[in-house]
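# Structure for this input, please:
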Amino acid sequence: MKPQSNAIYWRLYTPEQYPGELWQHWQTLNLKFHQGNKMLSAEFVELLVKYFSDTLYIAAGYSEPNNRHSELDSESLHPVVKGAEVDSESLNQEVKGAGLDSESAGSNHHPEPIALALLERAGKGRWQVFKPSQAQVGLLLMEPGRDPSLKQLVKQLPGLVTRVDFYGLDPLEHQGLIDNLAAEAQCYATNIRVALSDDFEQYWAQRPKNLRKNINRYINRVSRELGDTRLVYATEVEEVRVATQRYGMLESQGWKGYEGTALHPSNEQGQFYQTLMADLAAKNQAMVVEMYLQERLLASRLCCMSDNTLIILKTTFDESMKKYAFGRLLLHELISHCFNLKGLEYIDFYTNATSDQMDWCTDSRPMYNASYYPVNIAGQLLKSAVRLKKRING
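Here you go, the predicted model:
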């Protein structure tokens, strides 16, 4: 049978089995199909895997059946389980037994993928796309217009599969998958952007009257009660690293510090962001913007940049001075600054916007979580149970 022209033919690999340079392939797809989105970049995703993953599988999609590896079926992947150590030697033996040794796995003759996803087990029979809290969008790359072929993907997963969850689906990046899973998709957030067209004065004049009035009120209050503030834009590698540390110290003083979720310089999350921001700064793709009163840090935002978009990764402020709204004042200054940066077209917040935050944006879009239930008895029973629970809970 001739392959469907728009189908994706999936294969599942462990990291040791992946045939080729994973992160090179990942970045190629990101640049080709996702406009180099920094939230899907190889450097970002590789660090997420390094710091926050246990055991992952790599789902690679091809434009035609990959017959060369057809014998490497899902049963050969059974030693890899979440939380367990991977026995590389036994895996290599299984790969060789399937007719694919380590050298041929990386052979140049192997076709490059048109889709990549990082998957992990989520419980008995359940799988999910890897998405730690630091990831603002689902870690899945796919050629637009392709049938995601999820039935065929499930066939590659070991054991009985009852559900596959796709988190953080962005219409700008995953519209085809959202359409395919529309019946089981739920909006979990409304993300916002600011289009950097025209100039800041025009943008600001179009904001709601209450927002403009409140910002002017905060500016006047700060000037009257505290005096002048100053802004610092860190862009060089070392200054970005140190500014990221300062960010962590400030965030740790607030409610996130009390809950243990703050980005502190000494914890794993703090180390992740210091490494990420310094790596991006080395490519002129990172910026930390800070607001000070004399030498006191009042607010900070961690940002990264692609060719045309600045993404706000993290934001914090001095909660003991909440009445001055330094977080909002810093955002006002940052947006004004971005209108003067050559080549930038958007500021993307990647957040679940509140009604107050919506006042700042020029456009918004829903973000989705979605599930795929295989056409088997267990999968369909689970789908029915989930739907019944939703109806009961309203």
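# all contacts plus neighbour counts: C-alpha atoms, from now on.
Noted.
# hang on, residue 34 packs against residue 175?
No: contact criterion C-alpha atoms under 8 Å: residue 34 and residue 175 do not qualify, at 11.6 Å.
# So for the two, which residue has more residues nearby?
Ranked by neighbour count (other C-alpha atoms under 10 Å), residue 34 and residue 175 place residue 34 first, with 21 against 14.
# State the pLDDT value of residue 99.
Predicted confidence (pLDDT) for residue 99: 31.
# 5 is where my numbering starts, stick with that
Got it, the first residue is 5 from now on, which makes the last one we talked about residue 103.
# Please report how far residue 117 lies from residue 16.
12 Å (C-alpha to C-alpha, to the nearest Å).
# typo on my end, residue 388
Residue 388 is 28 Å from residue 16, by C-alpha to C-alpha.
# same thing with residue 140?
24 Å.
# for residue 258, same thing?
43 Å.
# What are the boundaries of the strands in the stretch 155-304 of the chain?
Secondary structure of the stretch 155-304 of the chain (DSSP state E, counting those that start in this stretch): strands located at 167-173, 189-199, 234-238, 290-297, 300-309.
# May I see those strands arranged in CSV, with mean neighbour count, distance to residue 270 and mean pLDDT as well?
Formatted as CSV, the strands of the stretch 155-304 of the chain follow (neighbours: other C-alpha atoms under 10 Å; distance: least, C-alpha to C-alpha, whole Å; pLDDT from 0 to 100):
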stretch, mean neighbour count, distance to residue 270, mean pLDDT
strand 167-173, 23, 28, 96
strand 189-199, 18, 30, 97
strand 234-238, 15, 21, 98
strand 290-297, 22, 19, 98
strand 300-309, 22, 17, 98
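# can you put those in a markdown table and add distance to residue 367?
Compiled in a markdown table, the strands of the stretch 155-304 of the chain are given as follows (distance: least, C-alpha to C-alpha, whole Å):
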| stretch | distance to residue 367 |
| --- | --- |
| strand 167-173 | 17 |
| strand 189-199 | 6 |
| strand 234-238 | 26 |
| strand 290-297 | 23 |
| strand 300-309 | 19 |
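# now for those, which one comes closest to residue 349?
strand 189-199 (5.9 Å; C-alpha to C-alpha).
# Other residues contacting the closest one?
The contact list for strand 189-199 (C-alpha atoms under 8 Å, 6 or more residues apart in numbering) reads 182, 349-357, 362, 364-375.
# that older thread, any residues in contact with both of residue 117 and residue 16?
With C-alpha under 8 Å, 6+ apart, residue 117 and residue 16 have common neighbours residue 64.
# Restrict stretch 151-170 to CA atoms and write it as PDB.
Coordinates of the C-alpha atoms in stretch 151-170 are reproduced here as PDB (Å, rounded to 0.1, in the frame of the first residue of the first chain):
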ATOM      1  CA  ASP A 151      -1.600  14.000  10.100                       C
ATOM      2  CA  PRO A 152      -0.200  13.400  13.600                       C
ATOM      3  CA  SER A 153      -1.000   9.700  13.100                       C
ATOM      4  CA  LEU A 154      -1.500   9.100  16.800                       C
ATOM      5  CA  LYS A 155      -2.900   5.600  16.400                       C
ATOM      6  CA  GLN A 156       0.400   4.600  14.800                       C
ATOM      7  CA  LEU A 157       2.300   6.400  17.600                       C
ATOM      8  CA  VAL A 158       0.500   4.400  20.200                       C
ATOM      9  CA  LYS A 159       1.500   1.100  18.500                       C
ATOM     10  CA  GLN A 160       5.100   2.000  19.200                       C
ATOM     11  CA  LEU A 161       4.600   2.400  22.900                       C
ATOM     12  CA  PRO A 162       5.400  -0.700  25.000                       C
ATOM     13  CA  GLY A 163       2.600  -2.400  26.900                       C
ATOM     14  CA  LEU A 164      -1.100  -1.700  27.000                       C
ATOM     15  CA  VAL A 165      -1.700   2.000  26.400                       C
ATOM     16  CA  THR A 166      -4.900   3.600  27.700                       C
ATOM     17  CA  ARG A 167      -4.100   7.300  27.300                       C
ATOM     18  CA  VAL A 168      -1.500   9.700  26.000                       C
ATOM     19  CA  ASP A 169      -1.600  13.300  27.300                       C
ATOM     20  CA  PHE A 170      -0.300  16.300  25.400                       C
END
